[in-house]
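Undergrad: The sequence and its predicted three-dimensional model are supplied below.
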Amino acid sequence: MSSRADSIPLLSQATRTSSGNSANIAVGEYIQAQLWIYVRGKSGTGASVTPRWQWSPNATYGTGGAFLTLKSMAALTATGLAVLTLPPFGKWGRLNYTLAGSSPNLNFSAYFVGKGSY
């Protein structure tokens, strides 16, 4: 059986000042996956970002569907790369993130890296 790996951008490198979500993506064809978060810069007292991978059985592209948190990273308080290995998951997914601290400004990007079969 042949396999392939895809890297899907969830959030482009940008400075964010409030919590939010990425767009919903179809992930049903992947059998293994990781969530990659790269924090390039931060400012604000105690600034941190807590990334969470959310799953949905019924989402569509856009904002529809009900999402539940499947796995969460610890709060990221330093610059650098953090990788979260995801457990088996369903048809749709998205990144949810929460910013914390006093006037947080965090510059980060996020990718879903999945392995699927042909």
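TA: Sure, I can see it.

Undergrad: lowest-pLDDT helix or strand in this protein?
TA: Between all helices and strands in the chain, the lowest mean by mean pLDDT, DSSP states H and E belongs to strand 25-26, at a mean of 89.

Undergrad: Next SSE downstream of that one?
TA: Of the helices and strands lying after strand 25-26 in sequence (DSSP states H and E), the nearest is strand 30-56.

Undergrad: quick one: average pLDDT of the helix or strand containing Pro104?
TA: Secondary-structure element containing Pro104, defined by DSSP H and E: strand 92-117. Strand 92-117 shows an average pLDDT of 94 in the prediction.

Undergrad: Distance from the chain centre to it, please.
TA: The chain centre lies 3 Å from the centre of strand 92-117; the measure is CA atoms, centre = their mean, to the nearest Å.

Undergrad: List the buried residues of that strand.
TA: Buried residues in strand 92-117, defined by neighbour count with 16 or more other CB atoms under 10 Å: 92-97, 99, 101, 104, 106, 108, 110-114, 116. In this view, the C-beta of every residue, glycine as well, is placed from N, C-alpha and C.

Undergrad: Give me the sheet partners of that strand and which way each runs.
TA: strand 3-16 (antiparallel), strand 20-21 (antiparallel), strand 25-26 (antiparallel), strand 30-56 (antiparallel) (DSSP bridges).

Undergrad: Next, format those strands as CSV and append mean neighbour count and distance to Leu70.
TA: Formatted as CSV, these follow (neighbours: other CB atoms under 10 Å; distance: least, CB to CB, whole Å):
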stretch, mean neighbour count, distance to Leu70
strand 3-16, 13, 14
strand 20-21, 13, 14
strand 25-26, 14, 14
strand 30-56, 18, 4
